[in-house]
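Student: everything below, folded, please.
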Amino acid sequence: MRVALFSKYPRMGASSRLRSLQFLPALARAGIDVTPYPLFDETYLRQLYAGKGRSLRSVAARYAVRARQLRRAGEFDLVWLEYEALPFVPFWLEQGLMPSGVPYVVDYDDAVFHNYDLSGRALVRRLLGDKIDRVMAHAAAVICGNDYLAERARQAGAQRIERIPTVVDATRYWAVPDAGNRQAVIGWIGSPSTQRYVQSLRTVFERLHREHSIRLVLIGAQPGLADAFGTVPVEVLPWSEETEAEQVGRFDIGIMPLEDGPWEKGKCGYKLIQYMACGVPVVASPVGINVEIVNENRCGQLAESVTEWAEALKKILSSRTLQSELGMAGREAVEQKYSLQVQAPLLADILRSVAQRGSS
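Tutor: Purely as a prediction, here's the structure:
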């Protein structure tokens, strides 16, 4: 069985790496040969993360390449889309480029439909406001990372909706042995686009540093963010796929602060799952899937106000026993639900069944 994967990014892009590319070896072992066609390359991502913006010329060139790739995808049994084929291109034009007679599945781990229906530009809302709904409605299957995304697919009239959480390869993550009498580490992993959520907790970290001598470790943030937390010791580490698991494993608590907005409701809690995989207790804002992950798996605390954040972090920092219990519960949940090892066979079944239905 042959599948054409039209991802948004190569492995450097978190959404593409986690929702599709990390599954390819397991899918190959299941007899599913996936050929990836990323829309953008690593150069584009580096410029984006560095705050240098987008080159319209390079974007147009990548769109032209993708249009040719779509037209040639008729030799495959199935097309697998990440979000959509061509962002900010009308549905009718995108659909006209899709290979005739080949079914497609589409995957969502983010509320990308809000790029259009909540755009600040009236023209975008008018021309593209229902684009993702139409992509969902025409897909043979819609794969969603949480219930907020799945509900949108239901409202759009999707033929088939499957839920697969964002997962880790459980064999890559492990708990790092306690080094003894050292400063407690509150850690966060993410990208410059989400680092603003951490900044909102500055007063919390300052209080905890005074009372518990904590330090803050931020993976993937811009280096200048270290200056945003007053007297709190801050270490900003560059993200890399090779080192992220070991770095997260050295946290004492992993955090995922969020605003309570429509975009945030579409997030799939991947930070929490990384922390849990390393046996690290978590504290998170009670937004979207965070509530489900923390409450169902009893792996940490939910905190909304600044006071609640300070109390939740202090409670966990004050008890080694509680840290261990929460950490073990999180690791067990990863092994049972949030791992590549558990979810890859389910994904293989979805892809295979859609392709078989299409061929019949």
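
Student: buried residues in stretch 150-164?
Tutor: Buried residues in stretch 150-164, defined by neighbour count with 16 or more other C-beta atoms under 10 Å: 150, 152-153, 156, 158, 161-162, 164. The way it works is simple: take the backbone N, C-alpha and C, and place the C-beta from them, glycine included.

Student: got it, and stretch 207-224?
Tutor: Residues of stretch 207-224 classed as buried: 207-209, 214-221 (neighbour count, 16+ other C-beta under 10 Å).

Student: which one of the residues you listed is nearest residue 239?
Tutor: residue 220 (3.7 Å; C-beta to C-beta).

Student: quick check: longest helix in this protein by residues?
Tutor: Scanning the chain for the helix with the most residues, using DSSP state H, yields helix 340-359.

Student: now that helix: average pLDDT?
Tutor: Throughout helix 340-359, pLDDT has a mean value of 94.

Student: over to stretch 108-122?
Tutor: Across stretch 108-122, pLDDT averages out at 97.

Student: ok, back up a step: which other residues reach the longest helix of the chain?
Tutor: 1, 3, 22-23, 26-27, 30, 32, 77-78, 80, 101-103, 105, 140-141, 143, 160, 162, 164-165, 167-171, 335-336 (C-beta atoms under 8 Å, 6 or more residues apart in numbering).

Student: in helices, which of those fall?
Tutor: Judged by DSSP H, helices contain the following of the contacts of helix 340-359: 26-27, 335-336.

Student: got the residues you listed as CSV, with pLDDT, distance to residue 349 and neighbour count columns?
Tutor: Listed next are these as CSV, based on pLDDT from 0 to 100; distance: C-beta to C-beta, whole Å; neighbours: other C-beta atoms under 10 Å:
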residue, pLDDT, distance to residue 349, neighbour count
26, 98, 12, 17
27, 98, 11, 22
335, 97, 20, 14
336, 97, 18, 11
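
Student: how about the strands in the protein?
Tutor: For the chain, applying DSSP state E gives strands covering 2-6, 33-36, 78-82, 104-108, 141-144, 161-163, 185-189, 215-219, 234-237, 253-256, 282-284, 300-302.

Student: out of those, which gets nearest to residue 226?
Tutor: Closest of those to residue 226 is strand 234-237, at 4.3 Å (criterion: C-beta to C-beta).

Student: run through the neighbouring helices and strands of the closest one.
Tutor: Identification of packing neighbours for strand 234-237 by 3 or more C-beta pairs under 8 Å, 6 or more residues apart in numbering; DSSP states H and E yields strand 215-219.

Student: what strands line up against the strand it packs on, and which way round?
Tutor: strand 185-189 (parallel), strand 234-237 (parallel) (DSSP bridges).

Student: how about the strands of the chain, which one is nearest residue 72?
Tutor: Ranking these by proximity to residue 72 (C-beta to C-beta) places strand 2-6 first, at 8.8 Å.

Student: for residue 255, give me its contacts.
Tutor: Counting by C-beta under 8 Å, 6+ apart, residue 255 makes contact with 186-188, 198, 201, 282-284, 313.

Student: re earlier: which of the strands paired with strand 215-219 sits most buried?
Tutor: Ranked by mean neighbour count under mean count of other C-beta atoms under 10 Å, the strands paired with strand 215-219 are led by strand 185-189, which reaches a mean of 24.

Student: if you rank every helix and strand of this protein by mean pLDDT, what lands last?
Tutor: helix 42-49 (a mean of 76; mean pLDDT, DSSP states H and E).

Student: save the buried residues of stretch 150-164 as CSV, and put in pLDDT and distance to residue 111 too.
Tutor: Below are the buried residues of stretch 150-164 laid out as CSV (pLDDT from 0 to 100; distance: C-beta to C-beta, whole Å):
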residue, pLDDT, distance to residue 111
150, 98, 12
152, 98, 8
153, 98, 12
156, 98, 13
158, 98, 15
161, 98, 15
162, 98, 18
164, 98, 17
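
Student: most widely separated two among those residues?
Tutor: Greatest spatial distance among the buried residues of stretch 150-164 (C-beta to C-beta): 156 and 164, at 18.2 Å.
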